[in-house]
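Trainee: Quick one: sequence and predicted model below, then my questions.
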Amino acid sequence: MKDVLIIGAGPAGLTAAYELLSRSKDYNVTIFEETNQLGGISRTVEYKGNRMDMGGHRFFSKVPEVNDWWDKMLPRQGAPSKDDILLDRKVTLNDGGPDPEKGDRVMLRRNRVSRIFYNQKFFDYPISLKPETFINFGLGTTIVVGFSYIKACLFKRKEKSLEDFYINRFGKKLYSMFFEHYTENLWGRHPSQIDPSWGAQRVKGLSILALLANAFGKIFSGKRRKVETSLIEEFSYPKLGPGQLWEVTASEIEKLGGRILMGSKVVSLHKDGSRMTGLSYVQDGVEHDASGDYIISSMPLKDLVGGMNDVGGDMAAIAAGLPYRDYMTVGVLVPRLKLKNKTKLKTVSDIVPDDWVYVHDRSVDMGRFQIYNNWSPYLVKDLEHTVWIGLEYFCNEGDAMWSMTDEDFARKGIREMVTMGLIDKAEDVIDFHVERVKKAYPAYFDTYSRIDELVSYLNKIENLFCVGRNGQHRYNNIDHSMCTSFEAVKDIMGAVADHSNVWQVNTEKEYHEEKK
């Protein structure tokens, strides 16, 4: 029997554990999870019967293996959900699938709706060329956008930064309206300071104006420009939020004999030459050692390398300088939203149909807001009489926003709801709940420019596998994170020493879906 130590009980770590245990009886698997929650950033938080999705997660993938895996854990619905019934709404059903009104182990099928909130107006995401868009723009802005796009096509900038990347594709005017502020808000850095490779990887998710650019390309060049986007109309979503998928997976892992140690923080990793020999972790204030034949790590690269012995100064410096962005969110319960549903989509209480809304309004610090009612009717305790909304802010651990008390942070968010016209006054709020998420987004600046050197170094450690978003310091979606674990398990079972296949997941330019 081989001992496999897995760091982190998020999507990547849990996927790796399940794959190993379900494919072979030759492995003892132990998972070490620092927190007392499963799912990492893909977890669900429950507060007084209302559930919060940390970050918003659409379940969509072009990888058949991933889709089959999801279907096995949470089969797609075979009968209407609560809001489908209330609205007499047609929904895609799976023959023989479970009834969400009778059981919880089910994936719902949901409509994909996201928009941009800019200058006190809603814009489609991505921008659509309908009269409302041009009314929102105004004639003058529309003309400026068009000529700015033509200039970008004729005079390409050398792509030294993310700013160059966006301007080359959308023109300076669209960049200033829909990319510059949001990107700086998200990362805490101006796009001129961010590596353009982030745009190359995420362009299909952040091509907010790709269709508009395509239209201008057709109007002014007479031919259709290739649109760098990949959109979906529907996606799957766990009845009780994304964390439910990982809670089910954890249960299956334990049935197969795997161990999950919660509240167990890995503090050091032991290396002997080109092999890992084990790790040390702290649980209930006591430090323990664990030896293993393989280590699969989804912990941040900064912490992984920082906790290793015998690491050269260059590699230690690269890892120590890798940046991250944290975020805070406040769930706010209100009787209703002021926003009018001007779409043709039916919703309970006729609220706007968006899953989430990107906030590009420079008058507030808010980055996005989610409407949990639209993700799943089962995330909201009183679906017909309340709206459960999540306000999201990007920050750095320890900064002024992060250090606010929950009450002060909630008051800030509620004030901005009033400023944006989401509610009339602060007194409309029934209740709120604050959550903080560390290292939510690996960032592409500072020592990231040298990450290939670090990857090469780690790839020479034959029994170490780095998986998932933080494990690879790559902005992976859930399906990408799972695929890194699929590859790691293949290498372990096939005794493959070169793990470049694990690192190659999500390096291609074709991208599955937008930011989740």
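Mentor: Yep, it's here.
Trainee: going forward, measure contacts and count neighbours with C-alpha atoms only.
Mentor: Noted.
Trainee: next structured bit after the helix-or-strand element of the chain with minimal mean pLDDT?
Mentor: When the helices and strands of the chain are scored by mean pLDDT, DSSP states H and E, helix 210-221 comes last with a mean of 47. Using DSSP states H and E, the helix or strand that directly follows helix 210-221 along the chain is strand 234-238.
Trainee: Any chance you could list what contacts that next one?
Mentor: 57-60, 74, 76, 105-112, 244-245, 375-376 (C-alpha atoms under 8 Å, 6 or more residues apart in numbering).
Trainee: Just give me how far it sits from the chain centre.
Mentor: The chain centroid and the centroid of strand 234-238 are separated by 14 Å under C-alpha atoms, centre = their mean, to the nearest Å.
Trainee: Could you check the pLDDT of Lys515?
Mentor: In the predicted model, Lys515 carries a pLDDT score of 38.
Trainee: let me redo that: Ile253
Mentor: pLDDT recorded at Ile253 is 98.
Trainee: re the thing from before, so which of the contacts of strand 234-238 are in strands?
Mentor: 107-111 (DSSP state E).
Trainee: will you turn those residues into TSV that also has neighbour count and distance to Tyr237?
Mentor: Formatted as TSV, the ones in strands among the contacts of strand 234-238 follow (neighbours: other C-alpha atoms under 10 Å; distance: C-alpha to C-alpha, whole Å):
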residue	neighbour count	distance to Tyr237
Met107	30	5
Leu108	30	5
Arg109	24	6
Arg110	19	7
Asn111	18	10
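Trainee: From those, pick the one nearest Ser197.
Mentor: Checking the ones in strands among the contacts of strand 234-238 against Ser197 by C-alpha to C-alpha gives Asn111 as the nearest, at 30.5 Å.
Trainee: tell me the pLDDT at the residue nearest to the closest one when sequence neighbours are not counted?
Mentor: Of all residues not flanking Asn111 in the chain, Glu234 sits nearest, at 4.7 Å (C-alpha to C-alpha, 6 or more residues apart in numbering). Model confidence at Glu234, given as pLDDT, is 90.
Trainee: Against Ser114, how distant is Glu234?
Mentor: Here the criterion is C-alpha to C-alpha, to the nearest Å. By it, Glu234 lies 12 Å from Ser114.
Trainee: can you give me the strands in the stretch 301-450 of the chain?
Mentor: Secondary structure of the stretch 301-450 of the chain, counting by DSSP state E, counting those that start in this stretch: strands at 324-334, 356-359, 368-371, 387-395, 431-442.
Trainee: Distance to Asn36, mean neighbour count and mean pLDDT added to these, as JSON lines?
Mentor: Below are the strands of the stretch 301-450 of the chain laid out as JSON lines (distance: least, C-alpha to C-alpha, whole Å; neighbours: other C-alpha atoms under 10 Å; pLDDT from 0 to 100):
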{"stretch": "strand 324-334", "distance to Asn36": "18", "mean neighbour count": "22", "mean pLDDT": "97"}
{"stretch": "strand 356-359", "distance to Asn36": "27", "mean neighbour count": "23", "mean pLDDT": "93"}
{"stretch": "strand 368-371", "distance to Asn36": "24", "mean neighbour count": "24", "mean pLDDT": "96"}
{"stretch": "strand 387-395", "distance to Asn36": "22", "mean neighbour count": "24", "mean pLDDT": "97"}
{"stretch": "strand 431-442", "distance to Asn36": "13", "mean neighbour count": "18", "mean pLDDT": "95"}
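Trainee: got a markdown table for those, with distance to Glu416 too?
Mentor: What follows is those, written out as a markdown table (distance: least, C-alpha to C-alpha, whole Å):
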| stretch | distance to Glu416 |
| --- | --- |
| strand 324-334 | 12 |
| strand 356-359 | 11 |
| strand 368-371 | 11 |
| strand 387-395 | 10 |
| strand 431-442 | 14 |
